[in-house]
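J.: with the input below, show me the fold.
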Amino acid sequence: MEETKTLIYDGSFNGFLTAVFVGFEEKRKTLNINKKTSYNNNLFTKTKIIFTDMNKAERVWKTIQNKNSTALKNIYFSFLSEKKNIENVLYLYIKSLFTPYQAAQIGFSITEQINIEDVSLTVAKEKRYLEKTIKFKESNDGVFYTNIAPNFDVIPLLSKHFRIRVNKKPWLIYDVNRNYGIYYDTRSIEMIVLDTNQIFKTSQSKLRNNSAKIKILNKHFNKNNIITLVINKLQQNSFPFNNSKLNLNRIAN
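T.: I've put the predicted structure just below:
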């Protein structure tokens, strides 16, 4: 019986695709893929740290795209659901695209494929809801901004819609749950992470829920120059997620 191996990745989609590449390269029937932030070390588990490799990620991406473009969207949207063990289910789902007999042998059935599709549709539903309901405020330095707390990690799916809808003004959409956002300067999109621990430090007693976080961050943006905040953070290169080669916007709809 094959020993199950655990791959630790950085939490990005490209990191996940790199882990999938490694799993296929090592001919692993099953695999545990864990974010480094959520992994609990087990002395009896064989582990390996995976460093994101854009070339490997792109090879997995293009291979799936050539095989089944619909599955590609299901994989990406389901990954953004952040459901527990979603990486391991997606690994088996990807294997089922190329080796259906082997996937059936290890217990991955049509039922699991339907579940993946359902998860993908749920994420897509929240994306569409936010596209319809997001309302921007305008900061003193002329930046449109909104702070949100979505159930799923849908921020990467929103950039295409809002670049088309609001294309002549800079804007910032920030997820207070996951502490990162996307900033559009009227030319390109950047992902940023703000030091919200410092922002919320003086208001700990008021942080009862996400609505309270949104109100505090709204007040912070009203008092400060957003463009300066963003430029300072971009100079620090604080966000590790890079999709430059994969052009994920093509499947964001």
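
J.: ok, residues contacting the helix or strand where Lys125 lies?
T.: According to DSSP states H and E, Lys125 maps onto helix 110-133. Identification of contacts with helix 110-133 by CB atoms under 8 Å, 6 or more residues apart in numbering yields 73-75, 77-78, 80-81, 83, 86, 89-90, 92-93, 96, 148, 150-152, 154, 157-158, 161-162, 252. Placement of C-beta: from N, CA and C, glycine included.

J.: all strands of the stretch 51-200 of the chain, in order?
T.: Secondary structure of the stretch 51-200 of the chain, counting by DSSP state E, counting those that start in this stretch: strands at 137-138, 144-148, 171-175, 180-184, 189-192.

J.: so how far is stretch 163-177 off the chain centroid?
T.: Chain-centre distance of stretch 163-177: 17 Å, with CA atoms, centre = their mean, to the nearest Å.

J.: give the contact list for Asp157.
T.: I think there's a mix-up here, since residue 157 is Leu and not Asp. Leu157 makes contacts with 77, 80, 123, 127, 252, as judged by CB under 8 Å, 6+ apart.

J.: buried set for stretch 217-230?
T.: Of all the residues in stretch 217-230, those buried under the rule 16 or more other CB atoms under 10 Å are 217-218, 220-221, 226-227, 229-230.

J.: now, which of those residues lie within helices?
T.: If you go by DSSP state H, the buried residues of stretch 217-230 have 217-218, 220-221, 226-227, 229-230 in helices.

J.: quick one on the thing from earlier: would JSON lines of the strands of the stretch 51-200 of the chain with mean pLDDT and mean neighbour count be doable?
T.: Converted to JSON lines, the strands of the stretch 51-200 of the chain look like this (pLDDT from 0 to 100; neighbours: other CB atoms under 10 Å):
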{"stretch": "strand 137-138", "mean pLDDT": "94", "mean neighbour count": "13"}
{"stretch": "strand 144-148", "mean pLDDT": "96", "mean neighbour count": "19"}
{"stretch": "strand 171-175", "mean pLDDT": "96", "mean neighbour count": "23"}
{"stretch": "strand 180-184", "mean pLDDT": "93", "mean neighbour count": "22"}
{"stretch": "strand 189-192", "mean pLDDT": "88", "mean neighbour count": "18"}
